[in-house]
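In: Sequence and predicted structure are below.
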Amino acid sequence: MSMMQQPLQSSPSPAAPAAAVLKKADRLRRSLEAMLRSNRNLTVLGRNRTVADLAGQCGFDDHDYCQFEIKLEGRRMCLVCVPNVHWNRPHSMDRFNEVRIAAGSLGHKVILAPESLVRKAQPLDTGHRPGGMEYDISGGDRTAIFHFLLENGSGTLAQLAGLIRHPDPVGAVLHLAVTGAIDIDLDAVIAPATQVRFPARLH
């Protein structure tokens, strides 16, 4: 007895997912550019062609990241924003670090920044305090922390908490650390003088 042949299901068009990826990449690029241009001490110089070429050699397309060459207090650097889909994958970050190191050998300083430091968390990613307080960090608060660390390299928990308008500023800064947007030694005793830095993967 012959088996009934199941009808072939048409595979989804690749155009739809590709368009969604490009749209998300464009939103991230615009968010990063707006964040950078909000700092009067910083000049956005455009795209770093050398970094783009090195990223391409490592297998990255333009939609896999976004980057801007910037000038801050006489220092030039290329800020590369890495989407969470890559930031949370060790293999991807190994390749991004290869780009950073190779660019450095050619005289281009590269800073890798996670998407979570640039963009407001989506509802499913929002953390909750046991008491019910949502740690929904605003774009303005993220910008304040981002610029402080970019200009100073590091700061204390008290300094960063003093920059933002969240109803629980210390909890908000700690939430950014838990989500990987910034780096704090959470295994040590947390105090006002606790040091806060860019995530370890930026160094």
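Out: Great, that's in hand.

In: Give me the below-cutoff pLDDT ranges for this protein.
Out: Scanning the chain for pLDDT under 70 picks out 1-17, 120-135, 200-203.

In: residue ranges for the helices of it, please.
Out: Taking DSSP state H as the criterion, the chain contains helices spanning 15-37, 49-57, 84-87, 90-105, 115-118, 139-152, 157-161, 169-178.

In: measure the closest residue to residue 80 other than its chain neighbours to residue 104 for me?
Out: Take residue 80 and drop its neighbours on the chain: the residue closest to it by Cβ to Cβ, 6 or more residues apart in numbering is residue 67, 4.4 Å away. Backbone N, C-alpha and C define where each C-beta goes, glycine included. Distance, residue 67 to residue 104, using Cβ to Cβ, to the nearest Å: 14 Å.

In: So these two - more neighbours on which side?
Out: Relative neighbour count places residue 67 above the other of residue 67 and residue 104, with 24 against 11, counting by other Cβ atoms under 10 Å.

In: How about the contacts made by that one?
Out: 47-48, 51-52, 55, 78-81 (Cβ atoms under 8 Å, 6 or more residues apart in numbering).

In: What residues sit buried inside stretch 63-78?
Out: Residues of stretch 63-78 classed as buried: 63-70, 72, 77-78 (neighbour count, 16 or more other Cβ atoms under 10 Å).

In: now these in TSV, with distance to residue 108?
Out: Shown next, in TSV, are the buried residues of stretch 63-78 (distance: Cβ to Cβ, whole Å):
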residue	distance to residue 108
63	21
64	18
65	15
66	16
67	11
68	13
69	8
70	12
72	15
77	8
78	6
